[in-house]
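Asks: Fold the following, please.
(one chain, ligands or ions: 1)
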Amino acid sequence: MKLTGGIWTGEESRLSLERVVKELGERFRGSLLRDYPLSRLTTFRVGGPAALVAMPIDEGDIQIVLEKTSEHNLPLLVMGKGSNLLCSDRGFPGVVLLMRKRGKPHIDENGQLEVEAAIPLNTVIAHCVARGRGGLEELVGIPGTVGGAIWMNAGANQKDISQCLVEIYICEPEKGMSWSWRPKSDFPFSYRYSGIGNRLIYKAILKTYSCDVEELRNLCHNYQEKRKATQPLSRPSAGSVFKNGENYQAGELIERCGCKGWRVGDALVSRKHANFIVNMGKASAREILELIEMVRAKVYEMERVQLELEIELVGF
Ligand SMILES: Cc1cc2nc3c(=O)[nH]c(=O)nc-3n(C[C@H](O)[C@H](O)[C@H](O)COP(=O)(O)OP(=O)(O)OC[C@H]3O[C@@H](n4cnc5c(N)ncnc54)[C@H](O)[C@@H]3O)c2cc1C
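Replies: Residues are numbered from 1 along each chain as shown. Purely as a prediction, here's the structure:
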């Protein structure tokens, strides 16, 4: 279970936050932002302020944030590109550890790719394509970081990232914040699930294979064109709202139930892809959540299927 909400009990927690800010200020080398709007950090463009956003520059910074939030019992959210999150209008009452791009990917002589979790997946794919390394191209267009993709086992075009994964370098709060390389086989990867829980992914090794550059470029182009044709990419969203089931595509069920075009305030069930909810301008998280519940209830009423969320709720 990830810690993404809940222990904000007023004065006591505010004091904890002040202490954490003070103690971080003494050792933390990256940037700290107070009361920063999550709407600026998420692809849905919604969400109230995070009490504190910490942007680490290295492993040491990450370690300090993990230690201090745990010591002072403050909620912690590790965030990549915020492309799979619906953050509450009230914001997040703790520390957001924002994983942003740092080092360059590196491919060794055996085709193994070592990459920092904070790097956008699309940057890594472009790096591989330019060097004639295949394996990840099916995932092109997923707007998250490598860490976010591994954490939720992102996938597209019958491929998910765990199929390319060799090992991850993680920090484990439950093991005294220890860092270690762990093989993929240590985790129960399945459809949009990794089992990584509240461990932090710092680096990963992915396997690639030799491939013709032109062929890879064409494949990526075709996958991108398919996205453009089927997904409402010009509006803010968090991608597919619900998971597909073994016997159904969530988008097809939603469409069959007549929910396309349903709207609450500025939150709209896309007419292009029924499993996307888009922000038409000033949608609030509350409006999006209300729409999600309406769609879920309709699909249950008509199809007797309980849709499961693919996006993650934060701070509700
Ligand atoms: C237009 C659009 C299209 C999309 N298409 C797809 C698609 O085809 N397939 C698909 O699977 N998804 C898709 N998504 C959803 C999303 O892009 C993916 O889930 C992506 O992998 C999330 O990565 P992120 O960096 O944005 O993670 P975030 O949204 O920031 O975080 C998601 C989860 O990962 C955790 N996390 C992030 N980084 C780390 C880390 N370093 N260590 C530990 N935990 C971490 C967070 O705590 C959170 O629980 C789409 C989204 C959009 C907006």
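
Asks: need the residues of this structure near the ligand, please.
Replies: Contact residues, the chain versus the ligand (C-beta under 6 Å from any ligand atom): 2, 43, 77-85, 99, 117, 142-145, 147-149, 151-152, 154-156, 200-201, 231, 233, 237-239, 312. Glycine gets a C-beta too; all of them are placed from N, C-alpha and C.

Asks: So among those residues, which ones count as buried?
Replies: Listed as buried from the residues of the chain next to the ligand are 43, 77-85, 99, 117, 142-145, 147-149, 151-152, 154-156, 200-201, 231, 233, 237-239, 312; burial here means 16 or more other C-beta atoms under 10 Å.

Asks: hang on, Glu23 packs against Glu67?
Replies: No: the criterion here is C-beta atoms under 8 Å, and Glu23 misses it with Glu67 at 9.2 Å.

Asks: Looking at those two, which is more packed in?
Replies: Glu67 (18 against 15; other C-beta atoms under 10 Å).

Asks: So for the more buried one, what pLDDT did the model give?
Replies: Looking at Glu67, its pLDDT is 93.

Asks: contact partners of stretch 266-274?
Replies: Outside stretch 266-274, the residues within contact range by C-beta atoms under 8 Å, 6 or more residues apart in numbering are 230-232, 235, 237, 251-252, 254-255, 259-263, 276-284, 287-288, 290-291, 295.

Asks: go on, stretch 230-241?
Replies: Contact with stretch 230-241 is made by 42-46, 83-86, 142-143, 227, 250-251, 270-273, 275-280, 292, 295, 309-311, as judged by C-beta under 8 Å, 6+ apart.

Asks: Buried ones among those residues?
Replies: Buried members of the contacts of stretch 230-241, scored by 16+ other C-beta under 10 Å, are 42-46, 83-86, 142-143, 227, 250-251, 270, 273, 275-279, 292, 295, 310-311.

Asks: which residues sit in contact with Val95?
Replies: By C-beta under 8 Å, 6+ apart, the neighbours of Val95 are 17, 20, 50-54, 65, 69, 74-77.

Asks: switch the cut-off to 10 Å
Replies: 17, 20-21, 24, 32, 50-54, 65-66, 68-69, 72, 74-78 (C-beta atoms under 10 Å, 6 or more residues apart in numbering).

Asks: Tell me the secondary structure at it.
Replies: Secondary structure for Val95, judged by DSSP: H, G, I helix; E, B strand; the rest coil, is strand.

Asks: Determine the number of other residues adjacent to Gln163.
Replies: 17.

Asks: how about the CA coordinates for the one helix or strand Ala297 maps to, as PDB?
Replies: Using DSSP states H and E, Ala297 maps to helix 285-303. Extracted as PDB, the C-alpha positions of helix 285-303 are listed here (Å, rounded to 0.1, in the frame of the first residue of the first chain):
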ATOM      1  CA  ALA A 285     -10.600  17.000  -9.300                       C
ATOM      2  CA  ARG A 286     -14.100  16.800  -7.700                       C
ATOM      3  CA  GLU A 287     -15.800  17.100 -11.100                       C
ATOM      4  CA  ILE A 288     -13.500  14.400 -12.600                       C
ATOM      5  CA  LEU A 289     -14.200  12.100  -9.700                       C
ATOM      6  CA  GLU A 290     -17.900  12.700  -9.900                       C
ATOM      7  CA  LEU A 291     -17.800  11.800 -13.700                       C
ATOM      8  CA  ILE A 292     -15.700   8.700 -12.900                       C
ATOM      9  CA  GLU A 293     -18.300   7.500 -10.400                       C
ATOM     10  CA  MET A 294     -21.200   8.200 -12.800                       C
ATOM     11  CA  VAL A 295     -19.500   6.100 -15.600                       C
ATOM     12  CA  ARG A 296     -18.700   3.400 -13.200                       C
ATOM     13  CA  ALA A 297     -22.300   3.200 -11.900                       C
ATOM     14  CA  LYS A 298     -23.700   3.200 -15.400                       C
ATOM     15  CA  VAL A 299     -21.400   0.400 -16.600                       C
ATOM     16  CA  TYR A 300     -22.300  -1.600 -13.500                       C
ATOM     17  CA  GLU A 301     -26.000  -1.100 -14.000                       C
ATOM     18  CA  MET A 302     -25.900  -2.100 -17.700                       C
ATOM     19  CA  GLU A 303     -23.100  -4.600 -17.900                       C
END
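
Asks: So for the very next helix or strand once past it, mean pLDDT?
Replies: Proceeding N to C from helix 285-303, the next assigned helix or strand is strand 312-314, under DSSP H and E. Averaged across strand 312-314, pLDDT comes to 98.
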